[in-house]
Structures are given as C-alpha cells and as structure tokens.
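1. here is the input, now give the coordinates:
(2 chains)
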Amino acid sequence: MGKIIKDYYGDDTTQIEYFKEYQTYQVPEGAKYIGKRRLYRKDGYEKASGKGCFTRDISLTGMLYAKIMSSPHGHAKLLKMDTSKAEALLGVRYILRFDDPELTGHASSIIPGVRLASHELIDSQAQFYKQPVACAVAADSPDICDEALRLIEIQWEELPVVVDWEKALRPDTTILHPEFGFSSNLVIDYTIEEGDVERGMEEADQIITYQIRTEETNGATTEGGCTVVQFKGDYLEAWDHIQDVYLMSKMAFDTVPLANQNLHLPYQGAMFGGINWLPFSKHRPWIAALLAKRTGLPVKLLWDEQHWYASDWGYGTTNFRVGFKNDATITAIDMENLQTGGGTTNCLDDIIKQSSIKNFRCRGRRADISRGPTICFREATYLSQANTLLWQKVAAALNIDPEIVFRKNHGANGMSWNSVEFRNKRSRLGFDPEKNSLTECLAVAKNAIDWENAWHAPGARRLPNGRFHGIGIQWSHEWANWKRPCLVGLMIRSDGTVTIDGRHSDIGCDHATSCCQIVADELGVPFKTVSLRPFISTSGHELQSPGGSSNMVSNGPSMVRVARKAKRMLLELATQPGGTISQKRTYVWPKLPPPIFPGKTPEELDVKDGRVFEKANPGNSKSVQEVCSYYWGMHRQAIYREPVQIDDFTGPINARPANCQQIHITEVEVDPDTGRVIITRVITVNDVGRAMNPDAVNGQQYGGAYMGISRSNQEEMFFDEATGVKLNDDLIQYPIALMNDIGSIDCHIVETGLGYGAYGACGIGENIGTIMSSATNAAIYNAIGKWIDHYPTTPEKVLRMLGKV
Amino acid sequence: MDVKGQKESGGISRREFLKDAGILAGGAAIGSTIFLTACDKAKTNTETTTVTQTKTIIVIPPADQSTGSISFTLNNKAYLVTVEPGWTLQYLIHDRLGITSVKDMCFGYGACGSCTIIKDGLPVLSCMLLAIECNGAVIETAEGIAEANHPLIEAYILNNCMQCGYCTPGLIVTAKALLDNNPDPSESDIMNVMAGNICRCGTYPQHIKAVLEASRWILENK
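-> The predicted structure follows:
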C-alpha cells in the first residue's frame, strides 16, 4: 500500500522558500496593465488577420508532403506488403517501410502502466484502429500521398478485438495478447490506501454506493498533427505541432546533435494537453526527418488522424462506496476505477488536496482493449465526472444543499481548512490564514443566480412549457500544480523596446500578453514596447511549455524576477560612467564620458512610462531609449537571465493543498417527452488568486464550460464491437458544441491571492472542462429526481431513467 | 446518389461527387439559405424561427478545362493560375498561393467552417469547391478583410475572440459576409449564421459581442 498524504507544506524547504518569496510579490504601485481588460493582445492581429502561422501553414521551396498509413483494422498483423504500384505512381518520391533499419529498434512507450505500450516508429502490428502502421509515403502533393497509400497492397491477419473495458475483464472474454503468455487482459491492478477505510465506514451514519460509467470522448482538436523538416547540410531545421520542444528534439532527432537543431514552435491549434506523450507525436518528427534525409528535400508530414485515434483518459467505470455522518462529514471513501485515468489512482489527488477527508482507498485497474492510447485532455482524469459528483451524491442522500457538504469537508491533506494546524501552515508560507476561497466563491456563485430561490427539491419544479427545471452546483479546486522549469531572458534594446526571450508552445491562452503585462508594470515601460515571441529561441531560453495549464505559477514569478533584475541593472547602468565607443574615443582613458544621470545612485532613480527619472526631481528624466542608446549605441542589447526554478514535483500522489477553489452552477430544462437537456444558463466562478489578464481568464471559463458541457452531454466515440473500427471519427458525426448549443455563460473571477504564483496567482482552465460535466448532471438530477450515472447524458438515457424507454 | 463519371483508375471523381450532391456550383448550398435568411430578416426586420435548407444555384462562367487555367480575384488582386482537376479551392489558396488563413480543420468534410471564404458576396466552404470551377470568381479571405482595415479585426482583438486562433479567420470571414449583407444583425442572426463555424476552444460568446461592436461602428460611421 502506498502512502497518500504527503506534508507538502513541511517536506521541502526549497519549495517553501520559493513560495514564501512569491507571496511577498505585490503588484507594482500604479500598475497600468496587470488586471486590465481590452488590452491589445500580442497575438491578436496575427490571428484575426489570418497571418498567424501554424505548423500546417509552413511551406518551403521544393517541399514534399508525407503521410503514414493508418490501420484499417482494430487489431491485425501485417503479413505481407507490396508497395510496387505506389512506387510507380508519378509524384511519389519515397516510401519508408516499417522494416527499414533506421526505423526499427526505437520503440517508445505511450504512457506508464499500459502493457504493450511500446510501439515501433511505424509498426507492423495494429493494436487499434488507425494506428500508424506499415509505411510512410513522401510525394509531391497530399492527394498523391493518399493515392499511393490506396495502391499499397497489404495482406493482414485480422485478430480478435475487445473494445469494452468491462467486457475485457470478464472470465469468458477474448484474451487480446496470448502470444505473450498473458492469461487475462488485466494490465494494472493496484490499490492505495490512507487511514482506515473500514473504521471510517463503521463510524458513518450512512453509506451510499453508486457506479458511474463514462464513455470515451475525443479531443477533436482543430489542427491535425504535422511536422516539417529540412536539412541544411548537417543542420536540421524543423517545425512541429507539439507542446514540448524538448521531447521533439531529444526523442525524435537523437541522431542529430542538439546543437545542430533549429526547432520552431509555431502557433498551436487547439492543443489541449497530452499529445506530447504519444509515441507518434515523438515519432512523427523522426519519420519526417528520415524522409527529408532520404529525399534530400524538405518534408511536411501530415498526420490528419492524430487527434482521432487518441482520446482523453477520462473514460471508464468507477464504483464508489462513501460513508458519511448525518452532519455531512465524509468519514471514508472507497473507490474502484476501471480504465479511467489509465487505471490509475491519481484521481484521489483532487479529493485530497481540497478536503479534510482522512480515510481513502482507491483500487485502480486497467484492461488491454482495442482502443488507441489515452491522454489528458484538459485534465479529464484527475477531475473526472465521476469524482466530482461525490459531494452532490452525499448531499442528495441527506436531502441538503450541497454547500453544506462542501464546507463540512473543505480542507486539504486530511486537515480542515479552519483547523489551527492548517492555518499555521498557510501562514508559514505567507498566505493570509483568514481568507477562505470556498466561502468567497460560493457567495459570488449563489448570488449570481439567486440560489435560494432557484434551488428546489428534485423533480419539484415543472415549467409552463412542460419541461422540468433543474439547477446543479459543483465544487472543485483550481489548477495549481505542475510547476515546471522556466528559463527566461529579457533584452532591453537600444531603441528602448523590450523582448522577453523564452520559447514555448503557444496554445492560445494568451500567455504572451500576460507575461508582457507583468514585465511592463514591473519594469515601468509601456505595454506596447514589450514583446514575447514564443516560436524560437536561439539563446536557449525556454519557458514552461505549453503556455497554458498553470503557466502563471511557473512563468509568472520568473517574469517578476527577471523584470525586477532588469530594472536594477538599468538603473545601475544609468548612474555609471560610460557611453558608446565613439563617445569614449573623445576621452583619454581612464577618463570616460559621465553617467547619463551624473552624481546619482540607482536608489535615487526609478522607471515609469518608459522613462528613467530621479525620484526627488521627476523632471530630471530620460527615456529608456535615450539611456540605452547612450550606453549601447546601435548594436548592443542587455540580457538579464532568470535561472531555472525546478519544482520537486515527485511522488505518485501529488497532493499539494489547493487553496484556490472554483464553483460552477448549471441551470437546465429537461424535456420529459424527448429527453433533451437544454442548458439555459451557466455560472462559472474561479478563484485565480490574481488575474493578470481578466479577458484571458474569462476565455478559459467560457471555453471550458463549452467543452465540459459538450463532452458530458453530447460527445461519445462509437466503436464497432466486432471489428474495433471507430464509427464517428470526423467532425460531422462527432458532435462538438456549436455557438447555439448553450445558453448564457456568466463568468466571475475571484482573487484571494491564495495561489502559489506571483502576486498569489494560480492557474485556470484545465479542470473547468471536466467540472462542468458534473454540475450539469447534478442539474439533471434536480430536474427529474434521477441520476444519469452514464455519460454522456443523452436524451435516450434521460428517457430511460424516466421509464419511457 | 448515382455513381457517374468513373475515373480511369476507378472510383468516383470528386467533380461528379460534388455535382451529384448538388453543391458544386457555388458550393454555398448548405449554409446559404440560412445566411440569406439572416440577411433577409434585416430587410424585413422580423424574427424568424424556422430555417429551411434548399439549394442555391449561382451561375459562373465555364473554366478553361483544356488548359486547366483559371483567373479570379483574391483579396483585390488578380490571379491567373493553372490548377489540377482535383484541387479544391482551399488547397489552391492555402497550399499553392500561400494564403494560409483558409484552414482545413475537418480534412475536407465540409464540417467545420475553417475554410470559409467570401465568393461573389456569399460565404462558402472552399474545401467543398473545386478550384477549376472558380474561374471569374471574386474571393475574399481574412487577410483581405484585415488589409481593408475592416472594424471586425479590431473588434475581434479587443473582445478576445481568439484563443488558439485556428478557427478565427473562418469566423471573421463569416461575420464579414453577414455584415456586408446585414449591417445591423441581431444576436440570433449572428448565432444562426455563425453556427456553422466550429471553435473547440469555445470562444463563441465573444464573437457575438465583436460582431455587434463592429456593426455599431459601421452604422455610426456610415
């Protein structure tokens, strides 16, 4: 059994010192940009005008296109392949076979805990539908690639498939891989426990059990997989649709020294996480590079199917047994996950880091099935629909307002939020122990919808239009973890403009604008003079990538520090003798031109609105440009580097207390005749600690709401059980939410300053996409008095629960 | 649908498929009536709640198929290009002419709207059009809209209408087509017309605000 709860507030003094330092950061007095709306976002014109460049937009002289064959079968072995007809097709330049010596022996794993996770770069055995297999074709156009792939003749041995994870573990089921000696399809089975679950159950006044099944959904992202590679002699240049450039360089091009690689990260289309992990994300650059080397031409490898064969890892079945007192205190949780989260127990993290519950057990199991690999897709596992219904289920059993359950169990790492122990721990890090994010978020949410009048007993309110009204509330915590290294450079140029240098994958969260806001206010320069272009870094600076998730926790403090360091150095510069080389020539050494602020110390100066000025005499000022050009002339820039700050993020269960909370309310109307669930209103309340860019925060709120509701209400991947073929892997048959699918979404921002980042900020966006699902389900329960414990909550399921089907 | 016009190598030709599906000429059939209804409502200033999908036929001059050359206007620039029979207009514009705002999110299913262009005044899906059928067309993309300093661009930026940005140009083109035909749309007009554009990031609420803001600017500065 593994220990779950780790005292994150006591175990690592290095991190403690960082957090304490970050809590001292205050937004500069008179800040003009942090927290402001309607700023001209840094990527705004590019994206609105269509000039924003994505990997799929890259076009190089003489470039070939390449595509990889996708398996037409759910489970099959390649017996024989004849590429002669494809090779004879005009316009085909190269066919890379699976058994090419430079391809074999480079298997890499998908994600931990998945048996048979290793796949060759191009495999000869398909374990799921549309797995990249057999060969890759390089040709003059995408159409010729498609035609060539159609001409390749393959003899397949079709093998048995199992697509349902529950069926995969039945005693009479087909064993998928007997050739390896496996006697069952079970891949993972382990249990972790904290406290004494059975004792907790004995102490409970009531015990409820329920099961939730979630069907597979898909990222259905916008930009298909793509890598562009060209060689210039021994030097490799590449562009990729990927979140993490180091994975791209290290894993994919390890035959080319890192120093010989020039890697670009263009804008990333709908990159919601996890695609990096897939071996094929890593293999794609490798295959493209091989083709570029063999043909001597640039190659653009298109992998249209990428985001259809992988899916989010929130699907599966979870069984709950929950013990609680009549006052809503939860005494024990006993969970069994099958498949969801890859069969892991990590879902416990998010109960531990926001609650005072002491007794847990979680069994995680995963079965081999004939489906593609799974990835986190805006964090669908840790905060899966199943986990986050826990509070509502207890509230329903007690017939009380869910808020009572939230408050009763609010805390972290087994500590109650208002316990002396936890208050002291928060104080030690510099947090205000009196602040309570849950209280603040609840107040905002309930006030926004007049909860006291809107909430009612389940099934008790039927509207004049014949539909049932329902309202549901959901509680979770903000995304505050995954702090990662950030190495940023800042250049103040001789024309007074400022460049933040740090490559990272820009996935559209407007991270660049937020960083520029911080730097502009900390350094004292106009926002429009600061830029951050994330696509490439020749000086080795890398921000936490992607520019999403909790990047303000990682990159935010680094922006503060580097800007403050740059300001100190600028003011020191302004008080030193010196000047340009040509100016120095007019003096005889050791005489030098006088300082631009003669007789002053750095402490007597400051910077504001792009001007360096004497504090005691503001009229004595020079623009930053004048200062820089005085000292540097035309060709010099100063670079101020912030070192890497690495989180110790270790351990299987990463339960750093999540101080900031979030509350979401969904209001629905359920049509009892059609089963249709109409989302009439959504309230999202997120405590982000400190909102650098409120417009971007709102974007994550309504974007996450759309995604979460869409996933839980209407999205589902369908498989043919006999063949393992996905039946709806296109945007026509896989219905993601459109503009008129959801009613109004009211977004509210709370700023308690309880985040771990600069100014008390934390992340946003990851888990809204999942939390909304359970708020909607709770609303449906409130409407019809029945739980739909099977996602998505389609009309058919509603009608079934109403006894009409 | 009858299968006609077999290619020499077997299988139905793309031309014949599109022709049989009745969406060859103009390529605007599926969405055009919804769009025109939204514009018509502006003229009558009444709300409608029903939408019918019928084919709209637009007559275009025949292409010179013997040489594969077509001429057209794109963002106010004249082009004369030689195209392959199987090229879609989206492929021509994006891959061959380098006007990369015209995306292909759904890989040619006509499902996403990211390839939307304005062709002869109407928003159409360029992935559903063959390039060779576009001889004489007047085409506008997001780049042209930006070059003309249309107020939509500023409104989109200030209303934070983009996240990853992949779908943004297609939405702007659709919005511009709407405003060209209906300078004073209602919220429901905007939602109905733009419901054919997919945004996975979920930026939808902001587009309504941006279009209304641009509309107000246009009306005030008429």
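2. does chain A sit close to stretch B:114-129?
-> Yes: judged by C-beta under 8 Å from any C-beta of the partner chain, stretch B:114-129 comes into contact with chain A through B:Ser114. All C-beta spots, glycine's among them, are computed from the backbone N, C-alpha and C.
3. show me the strands in the stretch 501-650 of chain A, by range?
-> For the stretch 501-650 of chain A, the strands defined by DSSP state E, counting those that start in this stretch cover A:530-532, A:605-608, A:611-614, A:617-623, A:637-642.
4. nearest to chain B, of those?
-> Comparing the strands of the stretch 501-650 of chain A against chain B with C-beta to the nearest C-beta, the closest turns out to be strand A:530-532 (15.6 Å).
5. which parts of the stretch 501-650 of chain A sit against chain B?
-> For the stretch 501-650 of chain A, the residues in contact with chain B (C-beta under 8 Å from any C-beta) are A:507-510.
6. and the residue in chain B that chain A sits nearest to, how many neighbours?
-> In chain B, the residue that lies nearest chain A is B:Ser101 (2.4 Å; C-beta to the nearest C-beta). As a burial measure, the neighbour count of B:Ser101 was computed by other C-beta atoms under 10 Å in any protein chain shown and equals 29.
7. please apply the same query to the one 4 residues further on.
-> When neighbours are counted by other C-beta under 10 Å, B:Met105 registers 27.
8. quick one, grab the pLDDT at it.
-> B:Met105 is assigned a predicted lDDT (pLDDT) of 93.
9. give me phi/psi at A:Val498?
-> The phi and psi values for A:Val498, taken as degrees, to the nearest 10, are phi -130, psi 130.
10. can you pull the contacts of it?
-> Counting by C-beta atoms under 8 Å, 6 or more residues apart in numbering or on different chains, A:Val498 touches A:490-492, A:519-520, A:523, A:525, A:529-531, A:566.
11. could these go into TSV alongside pLDDT?
-> Converted to TSV, the contacts of A:Val498 look like this (pLDDT from 0 to 100):
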residue	pLDDT
A:Leu490	93
A:Met491	92
A:Ile492	93
A:Val519	97
A:Ala520	98
A:Leu523	96
A:Val525	97
A:Thr529	97
A:Val530	97
A:Ser531	96
A:Ala566	94
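12. gap between the residue nearest to A:Leu258 when sequence neighbours are not counted and A:Ile287?
-> In space, A:Leu258 comes closest to A:Ser249 once its chain neighbours are excluded; the distance is 6.0 Å by C-beta to C-beta, 6 or more residues apart in numbering or on different chains. Counting by C-beta to C-beta, to the nearest Å, the separation of A:Ser249 from A:Ile287 is 15 Å.
13. from chain A, which residue is nearest to chain B?
-> Of all residues in chain A, A:Gly50 sits closest to chain B, with a separation of 2.4 Å (C-beta to the nearest C-beta).
14. once you drop chain neighbours, what's closest to that residue?
-> When the adjacent residues along the chain are set aside, A:Gly50 lies closest to B:Ser101, with 2.4 Å between them (C-beta to C-beta, 6+ apart).
15. need the phi and psi values for the residue of chain B closest to chain A.
-> On the backbone of B:Ser101 - angles per degrees, to the nearest 10 - the values are phi -70, psi -20.
16. list the contacts for it?
-> Residues counted as contacts of B:Ser101 (C-beta under 8 Å, 6+ apart) are A:49-51, B:141-143, B:169-170.
17. pull the number of nearby residues for the residue nearest to A:Leu258.
-> Should you count by other C-beta under 10 Å, A:Ser249 turns out to have 19 residues around it.
18. before we move on, what about A:Ala397?
-> Residue crowding around A:Ala397 was assessed by other C-beta under 10 Å; the count is 17.
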